[in-house]
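S.K.: what follows is a predicted protein model with its sequence.
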Amino acid sequence: MSDVIKLTTPLSDADVEKLNIGDRVEITGIIYTGRDAAHKRLVELVKEGKELPFDIKGQIIYYVGPSPAPPGRPVGAAGPTTSYRMDPYAPVLIEAGLKGMIGKGARNQEVIEAMMRFKAVYFAAIGGAGALMAKSIKSAEVIAYPELGPEAVRKLEVVNFPVVVVNDVRGNDLYREGVKKYSRQKAA
Amino acid sequence: MREVAASRITEAVRDLCIKANTQLGEDVLDALKRALKEEESPQGRDILEKLILNAQIAREENIPICQDTGFAVVFVELGQDVHVSGGSLVEAINEGVRQGYKDGYLRKSICHPFTRQNTGDNTPAIVHIEVVPGDKIKLIVAPKGGGSENMSRVTMLTPAVGIEGIKDFVVQRVKESGPNPCPPTIIGVGIGGTFEMAAILAKKSLLRELGTKNRDPELQKLEEDWLKAINDLGIGPQGLGGRITSLAVHIEMMPCHIASLPVAVNIQCHAARHKEIEL
């Protein structure tokens, strides 16, 4: 496995260009959360030319709906949700300046092409390791759509949040390459 | 007739919701440890180690294993000599879910299908009631996450396709699901019955203790064969490539109509949560 690359948000074009699939990355800084319902609203705002609840340029959106914070903690469990549900919205946000997405599961061709064209990357976090990943989250604040409950947009402060690069700016896909390496199926 | 108070059922369901979501079963932990020994991919081994660590943190700190604390699926084996007093059985279960998800800081993940408005308390629960002999009530709470549920399917195959056709459907489903259902998964397969029964059989098969063999020798052989075919796909932990895509295949089967061959595949993520109690 590769050495760990440390990244601090916000990200520049140069930050994301140097990343390759399979790279292990630890993210420190501010990241934002968003799932299906929030994405729908964010994309409507972009299309209407209105201001977003946060400046999206150089930012990372983490696809997560944390469990409620018990007393004395910033969040409960906070692992990634499946990313394909955000595929219809992601290209618009990437064009608006989003540099990174954290989730789990494969992205469609439109999202991969938007990542190549506007320089963005897709990271995977470990699905189902919500208690472990919450350890890297130091604070959480709802900044938009509180009525969406777990789906509200949160501003998270993270330290060494562990992810792996799945799609880089060159159109490579770790899911495809990883499975190819270990498949024992005969080619169809 | 033995009486069981509805309030006792509420209390039991409340506790089971919290326990199921924070304490991963020893059978699942053991299966993850076995997988760690067999996995060849360094990335895959790193993930399996982190999943084991995650389960420890969840248990020690009373935090959910996964933020998706699921749809509360409750199986009830209701003894025919029991009388539930002081309220409705289903309402008692829903109240238990309501309390458990609030008191346990579990995520409320249930919403209106069109407006997507959250019901706010994780109800309604999905309640499967089976009336059995005796004067006991067995409650099994099995919270089910959305990611792996979304990758599940029911189909009505042509009987001519036979066992090979069923295997193809099951393996293909796992292949197409790729990383989405959080592998390593458990594959629940329901064969026979009707359209809805195949799905219930598949879900029920997931309640079987991991590492135990099917009581039917023919199905036991199929479970081993299909698991090998699935793990040959190379999907691996979290879909990043590796030997362990699934920890087990569980099959439940019953007779079907002469015209039909219903098959359901219910995919379960590695956070295979279920806890039970007998009242």
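M.R.: The structure has been received and is ready for your questions.

S.K.: CA only for contacts and neighbour counts going forward, please
M.R.: Noted.

S.K.: which secondary structure state is assigned to residue A:25?
M.R.: When classified by DSSP: H, G, I helix; E, B strand; the rest coil, residue A:25 comes out as strand.

S.K.: please, which helix or strand holds residue B:56?
M.R.: In this structure, residue B:56 sits in helix B:42-61 according to DSSP states H and E.

S.K.: and the contacts of whichever helix or strand comes after that helix?
M.R.: Next helix or strand after helix B:42-61 toward the C-terminus (DSSP H and E): strand B:71-79. Here strand B:71-79 makes contact (CA atoms under 8 Å, 6 or more residues apart in numbering or on different chains) with B:17, B:97, B:109-110, B:122-123, B:125-146.

S.K.: just those residues: which are in helices?
M.R.: Members of the contacts of strand B:71-79 lying in helices (criterion: DSSP state H): B:17, B:97, B:146.

S.K.: which one of these sits closest to chain A?
M.R.: The nearest member of the ones in helices among the contacts of strand B:71-79 to chain A, counting by CA to the nearest CA, is residue B:146 at 8.9 Å.

S.K.: list the contacts of that closest one.
M.R.: With CA under 8 Å, 6+ apart, residue B:146 has these contacts: B:68, B:70-71.

S.K.: follow-up on the earlier one: C-alpha coordinates for the helix holding residue B:56, CSV please?
M.R.: Extracted in CSV, the C-alpha atoms of helix B:42-61 (Å, rounded to 0.1, in the frame of the first residue of the first chain):
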residue,chain,number,x,y,z
PRO,B,42,-3.3,-5.6,1.5
GLN,B,43,-6.0,-2.9,1.1
GLY,B,44,-8.7,-5.6,1.8
ARG,B,45,-6.9,-6.7,5.0
ASP,B,46,-6.6,-3.1,6.1
ILE,B,47,-10.4,-2.6,5.7
LEU,B,48,-11.2,-5.8,7.6
GLU,B,49,-9.0,-4.8,10.5
LYS,B,50,-10.7,-1.4,10.6
LEU,B,51,-14.2,-3.1,10.6
ILE,B,52,-13.1,-5.3,13.6
LEU,B,53,-11.8,-2.2,15.3
ASN,B,54,-15.0,-0.3,14.5
ALA,B,55,-17.1,-3.0,16.1
GLN,B,56,-15.0,-2.8,19.3
ILE,B,57,-15.3,1.0,19.4
ALA,B,58,-19.1,0.8,18.9
ARG,B,59,-19.5,-1.7,21.7
GLU,B,60,-17.2,0.0,24.2
GLU,B,61,-18.4,3.6,23.6
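
S.K.: tell me how far it lies from the chain's centre.
M.R.: 20 Å (CA atoms, centre = their mean, to the nearest Å).

S.K.: for the nearest residue to residue A:25 once chain neighbours are set aside, give me its contacts.
M.R.: Once flanking residues are discounted, residue A:25 sits nearest to residue A:5: 4.6 Å by CA to CA, 6 or more residues apart in numbering or on different chains. Contacts for residue A:5 were tallied using CA under 8 Å, 6+ apart; they are A:23-26.

S.K.: of all these, which comes closest to chain B?
M.R.: Of the contacts of residue A:5, the one sitting nearest to chain B (CA to the nearest CA) turns out to be residue A:24, at 9.7 Å.
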